[in-house]
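Engineer: coordinates only, sequence not included:
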């Protein structure tokens, strides 16, 4: 089991604490694939648990991938494998003496905040266990998966409430370089909290 840091916004931290967010989609490590995402039809795990992106799709591709790449020559997911852990980095304040405050759930702090990227491991109050990993195109997200992303639903559009909300969130964060309409490949990380210090 390995541990890795992962950044979340305050709203997503609140959703994790409320057990409303159990998935995240990330682009890291897929720049080469996303330079021309349409030429790849499917992503399959190789024999070492890494990912190979294929075109065209064909029956039996998963089994063939493991035979062709038995030693893990594909692209590793930078967020780990099933059973690994992710410690959450969020906006925080070090009050000294091992006391920390977190912007997502603080209602009285009047001082300055430290950006999430600077949070040390000892200050993290949330640890997640990776329960699933896959690679897929962004627009393959289902309504159920969009709900698992922790977004607040919008008024229904074609019987969907969560996918449009997720699309809006995605474009707010990634719209400049990898907007929804480009339909990039993403890592889909499913997780469950194994430690949360909320008080």
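Structural biologist: Thanks, I have the structure now. What you are looking at is a predicted structure, and each value in this text was computed from that prediction instead of being measured. Numbers count the residues shown, from 1 in each chain.
Engineer: pretty sure residue 15 sits against residue 165.
Structural biologist: No. Residue 15 is beyond contact range of residue 165, at 11.7 Å (criterion: C-beta atoms under 8 Å). Any C-beta I mention is one placed from the backbone N, CA and C, and that applies to glycine too.
Engineer: which neighbours do the two have in common?
Structural biologist: In terms of C-beta atoms under 8 Å, 6 or more residues apart in numbering, residue 15 and residue 165 are both contacted by the residues residue 151.
Engineer: let me see the domain layout of this structure.
Structural biologist: Structurally, the chain divides into domains by automatic domain parsing as follows: 3-30+77-196, 39-74.
Engineer: need these in a markdown table (columns: mean neighbour count and mean pLDDT).
Structural biologist: Listed next are the domains of the chain as a markdown table, based on neighbours: other C-beta atoms under 10 Å; pLDDT from 0 to 100:
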| stretch | mean neighbour count | mean pLDDT |
| --- | --- | --- |
| domain 3-30+77-196 | 16 | 96 |
| domain 39-74 | 15 | 93 |
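Engineer: could you pull out the strands for the protein?
Structural biologist: With DSSP state E as the criterion, the chain has strands at 3-7, 23-26, 42-45, 51-54, 85-89, 92-96, 99-102, 126-137, 185-196.
Engineer: contact partners of the third one?
Structural biologist: Taking contacts as C-beta under 8 Å, 6+ apart, the residues outside strand 42-45 that touch it are 51-55, 57, 61-62, 65-66, 74, 134-136, 185.
Engineer: please apply the same query to the fifth one.
Structural biologist: Applying C-beta under 8 Å, 6+ apart, the external contacts of strand 85-89 come out as 1-8, 13, 16, 79-80, 116-117, 119, 121, 124-130, 189, 191, 194.
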